[in-house]
Structures are given as structure tokens and as C-alpha cells.
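**Q** Return atomic coordinates for the entry below.
(3 chains)
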Amino acid sequence: MKVAEDALLEVDNLRTQFDTPGGLLTAVDGVSFSLSKGKSLGVVGESGSGKSVMSRSIMRLLPKVNIQTEGTVRFKSRNLMELAPRDLRKLWGPEMAMIFQDPLGSLNPVVKVGKQVAEGLRVHSGFSKKEARSEALKLLREVGISEPERRLDEYPHQFSGGMRQRIVIAIALACQPDLLIADEPTTALDVTVQAQILDLIEEQRNQRNMSLILVTHDLGVVAGRTDEIMVMYAGRIVERAPTKVLFANMKMPYTEALLESIPKLERPSHSHLLSIPGQPPNMIDAPRGCKFAPRCKYVQDRCVEEEPELISAATPGHLYRCFFPVGSAESADALARNMANGKVDESGSRVHIRT
Amino acid sequence: MAGSGNLHLREQEKPLLRVEDLVVNFLSAGGETVQAVSGFSIDVLEGETLGLVGESGCGKSTTARAIIQSPKPTAGSIQLDGVELTELDDEEMRRTRPILQMIFQDPISSLNPRRTIRDVVAEPLYVWWEEETGRLAIASWFEKTGNLFQKISSKFSRPARILAPLAWLSLIFWLVSEASDERSLETWLSWLKTPAQFIGFPVLFILAAMAAALSVVGAVWLVLAVILPFGVISGKFGSVTNTVGLTGLFTSLFAVVFLFFRTWSSLGGVAHWLSSGILLLAVGFLAVWSLLACREPSRAGSSALAVLVFMLFAIQVFYIVGLDGNTKLAVFSLSAAVDGILYWLIARRYKLARAQMRQRAEPEVKRVLEAVGMEVEGSLERKPHEFSGGQAQRISIARALILNPKVVICDEPVSALDVSVQAQILNLLEDMKAAYGLTLVFIAHDLAVVKNISDRVAVMYLGKICEVGPPELLYSAPQHPYTRLLIDAIPRPDPEFDQRNAVRIEGELPSPLAPPSGCRFRTRCPNVQAKCSTEEPQMKEVASGHYVACHYPADSELNQ
Amino acid sequence: MKFLKRNIGRIVLTGLVLVILFAWFARPPFSWTFGLLILVGAFGALVTDANYAARRIFSLIPVLLIVSFVVFSLMSSLPGDPALTILGAGATAESIAQLNQELGFDQPFFNRYGNWMGDVIVGDLGTSRILREDVADGISRSITPTLQLMAYSLILAVLIAVPAGMYSGYKNGTRQDRIISYTMLGFLAIPNFVLALVLVLFLAVGGVTIFGVDIGFRWLPAARYVPIGAGWSDHLKHMLLPSLSLAMSQAAVFMRLLRSDMIGTLRLPFIDLARSKGLKTGRILFRHALRPSSFTLITVMGLSVGSLIGGALITEYVFTLPGVGSYIFTGIFKRDFVAVQGAVLVISTLFIVVLTFSDLLYLALDPRLKHQSEAA
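**A** Numbers count the residues shown, from 1 in each chain, chains lettered A, B, ... in the order given. All right, here's what the predicted structure looks like:
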């Protein structure tokens, strides 16, 4: 694939496997992409699609026991896969940082928040206790925590969920990273707080010219916010496109299904949601062919036999992995055939076949 | 917003569930009063779905819990099918269980992780059958104590852990029984010096430990037997079985106390006969209780046995203390063995009772699991954590449906799920509503989700209702500024919609310890006026069936 | 009024400390009985809050009353006649009756209990006719070796368990973890008096001779108690074997607990966040993981004092240390119930006080609980 000149992060053929009692589980399977400085990428997929494992593999945060990671991850043209733990630690914080899903769990319950924010500064920037504290104060103010002087000495349980996530963001931003990976930062939060937190991440990204990888299961979260969107299924990239292109002209049936399963305000009440039947495939012994085939409403014999390659669409930068892309004549045919043979019901949902 | 008034209650119709002026206060950490819900009124017609929406901390979950009376609300009335729930006692409230069910947010942790899906789904049936036959809730006591022991022992599960304290017990008993001569270190060591004794001593030791092992089982049962009577007492007095059992229990306790007194003040003649008589009576009662309980394998039987063990143990202790040296160890081992056998008997009884319950519940369990779209074969014997979030939520829906309820309260049932699974569960709830004729109260923080499933939506803020209305009207013409803000916060899957310019709600929810005066939303409201802080807005009708509690609703001329 | 209400715990505790100070001068034994409790309360007030600490201390009073009743009634129901033991085989029926009357044994049970409790509250545990000394004096003399033994064992156990538990928790699932875990489990399985005998056999008295080969050493003294006054190094040398034999099983329990909690903590997201900050492993383990993993350990350490007390009594007996264990055994052998019930009461009070102490410590370690307790 074409690599942009100013790429901050280049991931090439990343594969992460877990050694489980049931066999080798491939969580991330041959993911390649690149991200330019100051750009944002949304990674979308269901639980179990490998998106969280991928973000941790990029950071190299996964434990070593029973986990194998292959491929290359180039960050500022250094291959992270070849770095010693000591050099990695120097990157974490000042170069790349991460925000996690569970805001309460991400903070140490027995350490005051001020200390937790200042810790990275003390380790990386060599700040004195006092300097780090005043810097932490500044950071807390920046992420929108009122009365930061007082709250610096409070413990995480004294904050609401949204406030805790703001603190986690402050910790991540402390050492001015160039890349921020946010792994489902708002899943555990209310809709109103979710909007606030996403706005905050957006605002900080613009101010600091950071690159952002925003991992989520909700297409709505990334729709108006990231420059590009990458949809993952079964550890693979199934579609990738600039945001507007993706929504205007989506090719992958999985992306379409994800979009359709979101309840829309414009639709009347009690409208039947087109859900995706069944479960994501078992990644220990994945089916041959397209991994989405068992749940796809356009499925044909070819999909089950042969796995489609990631191919380019007409629009530049738009990649997808499907034989019967949405909106094409072939897919309309396929759907009509499936309706005729009973694989799809009249509402347009794939009939779930129990195995 | 966040106003008062009951104008939106539909007086002309007969609602299935009617909540009026509900107030829930509880004490906070500092001993102050948290006003979680302050004057909440709503009605739900049969077959209707009410959506309840608001931020976390707005009191929507507290309202749901107040409806099922756990905890009981501070004030207000809740009528279910004309029955006033707030006036029911715990027992009567339990009887409404079959009609009123609840589904929780976190599907996996709301299911008991140690039980199989079969038991998880059938649990309401088990409880209900106990109610029907007037049996005791002893089983849950058993389960709880059992789980506790399991939890403790899982940390120290090796046999070693058990042997060590036993060794102690045996040694102390041995020392006391051999109390006449003192052995010094040298004699002990001289024992070990010869190889035969170097091997012989541990063997002797293990034998003694095994004798004591059985007695530890007895000791555990002693503890259980002390706990269990509380279960008996907190249970019901209604049935014949329990009246007999309870009498037996009290007499036996009395007998034990009597026996205790007898050992230190030597009672002669009449007193001696009296104590023996009472003891005999107690044993008789317990025997009758056990017999009655045996007619049907129930949990009452096992508790009776537990009490028996307790008594036996107490008698053993006093008997053994009175003996001398060598006989002591023998009698001790013997009685320990008796305890062990009794323990085994109880465990077997309990298993038997469970098995019968299971068999009886099986067809029902299969029926509901199939209805919620679960694979019945192969999932019955699995534990909740083996399922994905969506499947676990299906299981909790199945559990809620097994008693054929009329009203199901869903407390954020899809908030923890992926969007794709969320759609599955929303569709399932719609299907179940049609198939079982359910009335739903659906709680969520996402307006889009609530809109999809509801016939009527109420927006809540800080313990009060802001706006009530049919979903279409509420979304196309939101009257309350808070509703407007909630709609703007929903993430749109539309890149053309500029999320960055949407109106955002400012700040955090005010503390429910000291809610703002007047309109509770005024501290965060974009259109706040002077009147808002002095006067609480009342419910008023802005369109047919659409009510709002705001001084300056969106469509009013005043708002200009 | 509001000041009074808010600071009631502080006021009460100050008052109690004053009473104890007064009693110290007026009647020393009295201050022993409650001094320890007040100390714990004052500590609690320091690390948590005074109201909570005062509440905890006061809730101990009924517990202690029940304990004293149980101890007294158990001793009263034991077979054997103390008067007979005192007077020896040549006693006549009249002299026995007379002695019983003198000792108050002819009085009804509750009278005897009341008299005893009345004395106990002011620090008088009675006088042993058989040992011919004041029981309180006897206990305070013999409790020193016992407390030393327990303290050294606890310190040794923690010193062994914390590094071992942290390391094997961090190395979870590896061979190192398995080796440490199984070794410690082995120590768990061996009762401490057996371990004591084996340690003495191989480290102190020269071991066994198999086919002419000596296996063992004579490094350490086998038995005998040397007080601190006679030299620190000699004292510690003599205490090492008893402490070690008592510490190993505790260390195994502590290590298992810390290990499993450590594994759990290391899986929590905040450890991931700490790693993504670029912190070193050592800092993550000690600064972030140790404290949240040690809550169960602290509670169990408090509880383990119970088994330490029991273990100390046996260990003392094996190593012939003049501690409370030896005191109680002598009391049992000689049917000296006054001494036994006094010693048992002191030991159980100690246990309860230590439990309370560990609860308070727990509260100080976990700020989440502290905020809850302020509520209640």
C-alpha cells in the first residue's frame, strides 16, 4: 500500500495471537494501515472484532506470556516491535499515550488523582514534585475540572464517571504525546457525558496537533469526528475510507449492518431494527471464506468458499473486502436470490441459522 | 423544568401501573438527606411501553427500584393493577413477584456466576414454589453459607489447609487427656531419634488428624446450626411443618441451656428428671419435624437435621469433657464420625431436593429459553460468564419471563451492549412484548434507544419529570430545553451533521443533597430567567398528551 | 451543640485517656486492662476518624463480657477439684470444705462470676493458691516471651511472604511461580510443632545419622529463653528457631493471598494505564499494585494472630520458653483454674484488640472505606 510521506504511524501486517487452552486464537490478523501526523482515525467493530487488542498491540502494551505479535509497527520510522522494554517505556507518555474504557478502573483507587497525573511528568520530564504538581493543576484545568486545587488531593471514587475520564485524559496528555489511542473512551458513560468527553478529546487534539486513534463500537461516535474510519471484523480490516466517503458510499455489508442497527431519531417508534444475527466467529477455528458470510444478508456460495481480498474502490483511499459490495448490481441480485431461497426474511434481515 | 404537578396523569383511563407523588430520600455519607426522587408521577396503561430517560444520577434507577419496593419509597403511592404496593409487607410484596419483574443493566454480573443457566432461569420458579407450599427460604441460607465456605476454601483448597488445624485439635485433646505427665523436649526428641519412630510419629499424627477431621466437619455444622435457626425464625410460621419445627427448635435450645447448667451445679432428683424429660421432648419434636419434612423433599428437612447435629454436638462436648483420659479420645473420635455421617446425610438430602426441583422446572426453562432465541441444548449446564453480553441479557430476559409477568421494568438493559447486540435485544423486547402481552417500563440514557421502543416517554432530571409525551412529538418538537440538549447529545451516524456545533449541556448534575431552588434545571439551562430560581414550574399541556414543566417552553411566546 | 455532636468521638477518647492516666498513678493494674484498648482507639482516631474509632472501641465491651463469661463458665465446668490439688492427698473432707469456702467455691455460679469480673475490671485477676503468686503478675511476666515470639513470627512471615507473593504474582504461571507456590504450600501442610521438631533436629542438635553419615548441623541453640536484657544477639539467636517454625505456615498463607490478589490487581486497567505512562516495572509493582492488593492480607494478618497465639502456645511448650503457653499448660496440669482463666481471658482480649486494630489499619489503607465510614 502507498505510504504517506509524513506518516507518524505505519502498521504493516500486524498479527496478534493468543495461546489459549482451546488452541491458537488469532485476535488481529494481518492489519496494515498508516496514520499521518495530526490526523484522526476511527476504528469501529463489535466486541471481539480485535479492535482493542490491535490498539494494545500497536502500543505493545500486551503481556508477553502466551501472546505472540508479528508484523511491524513503525512509529516515527522506528520499529516498535524491535525496541527493548526500556526504550518502549521512554515512548509511552511523551510519544504515545492511551485512554481506556473503564474510567473508574483506569485510576488507582488508593492514590490521589493529583499524584497520578503528576507521576508521568516526574518520570519523563524530570519535574520536581512542586513543578509536577503545578503542571498537573494546569492539566486538570485544561480538561475542564472545576476547583482543581482542591480536587488534586481527592481520590478517584470522589469523582463522577465523566470527571474520572477527564482525569484519565489529563494523565494521557501530561507528557504531550504525538499519538493518542482512545480505546472506547465513552462506552461506560452517559450520552450527555459522552458528547462532552468526545468534544474534549477533539479540542485537545486540535490544540496539540496530535494524531488520534479512536476505537469504538458505535459508528455514530466517529461519524462527524475522525478524518478516516476503519471497520474491523474478525481481526481484519474489512473497510477503510475517509469518513465522508464511507458514509456516502459504503461497500461492505458489515458496515451497512452496523449502521442499520443504530436506532435513529428520524425513524418512527417501534420500527424494526435490522440487527446482525448471531455472533462474531470463533477466532480459534475461523471459517474458511469471508468471515462475515454466516451473518451476511448478501451471502453467496462464493463467499463461503473463498476469502475476498482487500481491494480499492473507485474513490481514492477507499478499501473494502467483499465480492458483492453494497450498492452494486451484484449485491442486489444476491439479496434477491437470498430472499427467494429464504435466507433473508421480508424485512431484509438475515435469518439466523442455528448451528 | 424538573417541575411538579400531576396534570399528565390520565384520570379517565385505568392504568396498570400508577405512580403518584413518589418521593425517595436516603441518608448520605455525611448523614444528610439525598433527595433522589422528589414528586414523581406517571401512569402506564396495559400493553404500553413507558420510556424513562435521563442522565445517571437523575433518579431513574431509584424510581425503578422504588416501584419494586426495594427499598421502600419515602412517600407517595404506587398502584399495580389497583393494589397499593407501598402498603404491602415484605411477604405480600414477594407475592407480586410473578406479575412484576425487573431486568438489569449489567447482564453478566446480575446473574449468579456460580450457578448454571438452568438454575439461574428457574430460580424465580423455585422461590415461587416455596411460597406456594409454605416452605422455608432456608435454601438460600444454605447456598449463601455454602458459597461462603466455597469461597474461603477455594483460596486454601489443598487438603493441607484442612489437616493443619486438625492436627492442632488432635494434639490439644491428646495433651489434655495425657495431662498427668509432662514431657520435656528431650523426651520428644528421643522419640524421633530412632528411625522407626521418625516414620511412626507422622503416621500416628495423621491418624489422629483424620479422627479430628471428621470433628471439624462437626464444628462447621455447629456454626451452620447456629446460623440456620435465624433463617428458620425469619421464615414463615404458617405451615404445620414449621410450627412443629420451631417448637422443636426452641425446646432444644432450652434443653441445651438446661444441660449446661446441670454440669456445673449438680442438680439432683426432680431437676435431673426435668432436664432429661425436656431433652427427650425436644428430640421427639425434631423427629416429628424431620418426618413431616421427609414427606416432601424440602429444605425444611435439612434444617431440622442441622439443628439435630447442633444438639448432638453440644451434648458431645459436655459428655466428653466429663470423661477421663483414654476413653475421651475414643468417644471423641466416635462422635466425630457420627457428625460426619449426619453431615453427609444432610448434603444428600439437599441434593435430592434440588434435583427434584430441577426436574419439575425443566420444561418451563426450555420454553422461555427458546422464546428468547437461545440455544437450549448445551447451554443449560453452562455458567453465565461463558456467554457474551448479548446472550447473558437474553438469559436475564428469560428469567424475568418465566413467571409470565404483566409488568417488566428494564433498567438500562442495553446500555452495556454493543450497538449491533443492542438492536437484537431491542427487537427481542418488542417481540416478547407482543408474544406475552407485556407492559414495559424501559429506562435508558440514550433518547434514540428510548424513542424506538416506547409509546410514551418521560424525561427526568434530578428526581423530577421535565417533559412527558408521545415519542414522535417529543422528538420533533421538544419543549423542555433539557430534552433539546439530550437530543443534541446523541451521536449521529451522519458525517454531515456537525457534532462540534451541537448545543452541549454544561457542567455536572447538581448535588441531590441540596437541589437548586425553583426549577431544578436552572443552573445548567441555556435560557434561564429570574423567575426560574424563585418559582417551581408546574406541568402544563402544550399539545394533546404532551406535557412540560417549564416556565418558558420552546413553543411558547414567552420564550421569545 | 453541633461541635459536640461532630466531635463526640474525640471528646470521649480524650476523656478515656485521662481516666487511664489517672488510673496509672492511682492503681496501675487497672490501666493495663483498658490501656491497650485505648491505645488502639487513639491510633484509630489518628488514622481514621475519632467517631468511628470510639464506636469500635465501645462495641468491644459486650464482646469482652461474653468472652469472659464463656471462659469463666468453661473453667467452672471442668472436672477436678482445685482444693484437693492444693491440699494434696492427705486432705480431709472438712479441710476441703473449709478451703472451698475460703476460696469462694461454695458460692453460686453467678456470684463467683460477678466477684471475679469485678476484680478483673480493676486489673486484679486473682491469686493463684497453687503457684503462690498474683495471676496478673504471672501473666505479665510470662506474656513477654509470647509477645516476642508472636511479633518476630509475624515480622518474619511478612518478610518472607511479601517479596515471594509479589514475585510469584508478577511471574504468574511461570516455573518460578510454581516453585515458590509449591514450596510454600509444603510449609502450610506441616503443622508448626512438627516443623519445630524437624528444625531443631537438623539445625540445632545435629540431625540424624543414616548409615554412618551425619545429616544436620549444630548452628543454633535448641531451647531455652534468653531475655533481651542478656544481649540482643543472644536473644534473637534463641528466638530464631521458634519464630521460624511458627512463621512458615503463616508466611505461606500470606504469600498465597498476596499472590492471588496481586494477579487480580495486575489485570486491572489502572495497571495498564500506569504502564502506558511509561513507568518501570518495579515502580508499578510497589507504588501501584502492592497497596490495592494488600487489603485482604491485612485482614487475614489480623485474623492470623488467632492462630499465632495458638501456635505460640505449642511452640513455647516445644522450645520450653517461659511464656503464656507454658503458664496455661502448667495451670491445666495442676488444676489451677484461676491462673488458666486469667491467662485465657488475657489472650482472647489480646486477640480481639488485634482484630480491631487490623480493621482500623484496613480503613487507613483504603480511602474508599474511610469515606464510607464517615457516612455511617
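
**Q** Could you list the low-confidence segments of chain B?
**A** For chain B, the stretches with pLDDT under 70 are B:1-4, B:29-31, B:91, B:127, B:130-354, B:498-503, B:556-560.

**Q** Okay, domains of it per the record?
**A** Domain segmentation of chain B under automatic domain parsing yields B:11-114+B:397-559, B:120-323.

**Q** Please state the offset of stretch C:233-240 from the chain centre?
**A** Distance of stretch C:233-240 from the chain centroid (CA atoms, centre = their mean, to the nearest Å) equals 20 Å.

**Q** mind listing what's buried in it?
**A** The neighbour-count check on stretch C:233-240 (16 or more other CB atoms under 10 Å in any protein chain shown) flags C:H235, C:H238, C:M239, C:L240 as buried. Just so you know, the C-beta spots here come from the backbone N, C-alpha and C atoms, and that holds for glycine as well.

**Q** which residues sit in contact with the last one?
**A** Applying CB atoms under 8 Å, 6 or more residues apart in numbering or on different chains, one finds that C:L240 lies in contact with C:L220.

**Q** The helix or strand harbouring it - what's its average pLDDT?
**A** Secondary structure assigned from DSSP states H and E places C:L240 in helix C:232-266. For helix C:232-266, mean pLDDT rounds to 88.

**Q** Equivalent analysis for stretch A:62-75, please.
**A** Model confidence over stretch A:62-75, given as mean pLDDT, is 87.

**Q** Identify the residues contacting it?
**A** Applying CB under 8 Å, 6+ apart, the contact partners of stretch A:62-75 are A:7-20, A:30-32, A:53, A:56-58, A:60, A:79-81, A:91, A:95-96, A:179, C:172-174.

**Q** Got a ChimeraX select line for the buried ones in these?
**A** Per 16+ other CB under 10 Å, the buried members of these correspond to this ChimeraX selection:
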select /A:7,8,9,10,11,12,14,15,16,17,18,31,32,53,56,57,58,60,80,91,95,96,179 /C:172
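
**Q** Out of the contacts of stretch A:62-75, list just those in helices.
**A** Assigned to helices by DSSP state H, the following of the contacts of stretch A:62-75 qualify: A:V53, A:R56, A:S57, A:I58, A:L91.

**Q** contacting residues for the last one?
**A** Read it as A:L91. Taking CB under 8 Å, 6+ apart as the test, what A:L91 contacts is A:F75, A:L80, A:L83, C:G278.

**Q** For chain B, state which of those residues is nearest.
**A** Among these, A:F75 lies closest to chain B (CB to the nearest CB), at 28.1 Å.

**Q** How many neighbouring residues does the closest one have?
**A** 22 (other CB atoms under 10 Å in any protein chain shown).

**Q** and if you look at A:T26?
**A** Neighbours of A:T26 under the rule other CB under 10 Å: 21.

**Q** beta partners of it?
**A** Bridge pairing for A:T26 (DSSP bridges) gives the partners A:Q17.

**Q** these two touch, right, it and A:G235?
**A** Yes: under the contact definition of CB atoms under 8 Å, A:T26 touches A:G235, with a separation of 5.7 Å.

**Q** what is in contact with the two at once?
**A** Common neighbours of A:T26 and A:G235, using CB under 8 Å, 6+ apart, are A:T16, A:M283.

**Q** any low-confidence regions in the stretch 151-300 of chain C?
**A** In the predicted model of the stretch 151-300 of chain C, residues C:207-212 satisfy pLDDT under 70.

**Q** Output the residue of it whose distance to chain A is smallest.
**A** Proximity of the stretch 151-300 of chain C to chain A (CB to the nearest CB) peaks at C:G278, 3.6 Å away.

**Q** for that residue, helix, strand, or coil?
**A** Three-state assignment for C:G278 (DSSP: H, G, I helix; E, B strand; the rest coil): coil.

**Q** One more: C:G114?
**A** What three-state DSSP gives for C:G114 is helix.

**Q** Please apply the same query to C:V198.
**A** Recorded secondary structure, C:V198: helix (three-state DSSP).

**Q** Quick check: nearest residue in space to it, chain neighbours excluded?
**A** Counting by CB to CB, 6 or more residues apart in numbering or on different chains, C:V198 lies nearest to C:I190, which is 7.7 Å off, once chain neighbours are set aside.

**Q** coming back round to it: for the residue of the stretch 151-300 of chain C closest to chain A, grab the count of nearby residues.
**A** Counted with other CB under 10 Å, residues neighbouring C:G278 total 21.

**Q** B:Y126 now?
**A** By the measure other CB under 10 Å, the count of residues near B:Y126 is 17.

**Q** Could you tell me whether it really is in a strand?
**A** No: counting by three-state DSSP, B:Y126 is not found in a strand; it is helix.

**Q** Please verify my assumption that it contacts B:V365.
**A** No: using CB under 8 Å, B:Y126 is not in contact with B:V365; the gap is 10.9 Å.

**Q** the strands in the stretch 351-500 of chain B, which residues?
**A** Taking DSSP state E, counting those that start in this stretch, the strands of the stretch 351-500 of chain B run over residues B:407-411, B:439-444, B:456-461, B:464-469.

**Q** swap that for the stretch 1-150 of chain A, sorry
**A** Per DSSP E, counting those that start in this stretch, the stretch 1-150 of chain A carries strands over the ranges A:7-20, A:23-36, A:40-44, A:67-75, A:78-79, A:96-99.

**Q** chain center to the first one: distance?
**A** The one in question is strand A:7-20. Per CA atoms, centre = their mean, the displacement of strand A:7-20 from the mean C-alpha position of its chain is 14 Å.

**Q** so what does that strand touch, helix or strand wise?
**A** Where contact means 3 or more CB pairs under 8 Å, 6 or more residues apart in numbering or on different chains; DSSP states H and E, strand A:7-20 is packed against strand A:23-36, helix A:51-59, strand A:67-75.

**Q** between the ones in helices among the contacts of stretch A:62-75, which is closest to A:S160?
**A** Set against A:S160, the nearest of these by CB to CB is A:R56 (26.8 Å).

**Q** Look up how far A:V11 lies from that closest one.
**A** Going from A:R56 to A:V11 by CB to CB, to the nearest Å gives 13 Å.

**Q** show me the contacts for the nearest residue to A:W92 once chain neighbours are set aside.
**A** The shortest distance from A:W92 to any non-neighbouring residue, by CB to CB, 6+ apart, is to C:G278 (3.6 Å). By CB under 8 Å, 6+ apart, the contact list for C:G278 reads A:L88, A:R89, A:K90, A:L91, A:W92, A:G93, A:P94, A:G120, A:V123, A:H124, A:C175.

**Q** what's the spatially closest residue to the third one that is not a sequence neighbour sitting at in phi/psi?
**A** This means A:K90. In space, and not counting its chain neighbours, A:K90 is closest to C:G278: 6.4 Å by CB to CB, 6+ apart. Torsion angles at C:G278 (phi, psi; degrees, to the nearest 10) stand at phi 90, psi 30.
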